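S.K.: sharing a model that was predicted from the sequence below.
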Amino acid sequence: MAIRTKHGVSINGIKPELVLGIDIAHGYFNSMGINEMVLTSIVDGKHSHGSLHYIGYAADIRIWAIESKGLAEFTEGLAEELGSEFDVVLEKDHIHIEFQPKNRGVR
């Protein structure tokens, strides 16, 4: 029931909304019987220009522990759990989550 980071992952500048998203994702992992969630990138690494990683609103999660659970279905369930203010994308070797509310002017 642990959240771990890959060696070298930085949390310097992570936003509170993403911290909540990571906590929700961790709960989802646990509910699916996966005892460890590994973050492979937050504000570090190389990402596309304008990536929300650079401003603390995105994280990548290792998929090794969930490959046998059906990646597409797992990712869809995670997206549902996180809700509409998060984008969840299954990449080749990780799941990318980012806080990106659609109604930016509404608080």
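M.R.: Arrived safely, thanks for sending. Numbers count the residues shown, from 1 in each chain.

S.K.: make it CA atoms for all contacts and neighbour counts henceforth
M.R.: Fine.

S.K.: how about the helices in the chain?
M.R.: Assigned by DSSP state H, the helices in the chain fall at 16-31, 71-82.

S.K.: per-residue pLDDT of residue 45, please?
M.R.: According to the prediction, residue 45 has pLDDT 74.

S.K.: what's the distance between it and residue 14?
M.R.: Going from residue 45 to residue 14 by CA to CA, to the nearest Å gives 14 Å.

S.K.: likewise for residue 30?
M.R.: 23 Å.

S.K.: now tell me which helix or strand of this structure has the poorest mean pLDDT.
M.R.: Ranking every helix and strand in the chain by mean pLDDT, DSSP states H and E puts strand 2-5 at the bottom, with a mean of 89.

S.K.: could you tell me how far that one lies from the centre of the chain?
M.R.: Relative to the centre of its chain, strand 2-5 is centred 12 Å away, using CA atoms, centre = their mean, to the nearest Å.

S.K.: low-scoring stretches of this protein, by residue?
M.R.: The chain contains residues with pLDDT under 70 at 1, 69, 103-107.

S.K.: now residue 41, nearest residue through space, not along the chain?
M.R.: In space, and not counting its chain neighbours, residue 41 is closest to residue 60: 5.1 Å by CA to CA, 6 or more residues apart in numbering.

S.K.: in contact with the one you found, which residues?
M.R.: Going by CA atoms under 8 Å, 6 or more residues apart in numbering, residue 60 touches 39, 40, 41, 42, 94, 95, 96, 97.

S.K.: filter the residues you listed down to the ones in strands?
M.R.: Within the contacts of residue 60, residues falling in strands by DSSP state E are 39, 40, 41, 94, 95, 96, 97.

S.K.: most surrounded residue in those residues?
M.R.: Using other CA atoms under 10 Å as the neighbour criterion, residue 97 leads the ones in strands among the contacts of residue 60 with 27 neighbours.

S.K.: what's the local residue count around the nearest residue to that one once chain neighbours are set aside?
M.R.: Counting by CA to CA, 6+ apart, residue 88 is the residue found nearest to residue 97 once chain neighbours are left out, at 4.6 Å. By other CA under 10 Å, 23 other residues sit near residue 88.

S.K.: what of residue 15?
M.R.: Residue 15, neighbours per other CA under 10 Å, totals 14.
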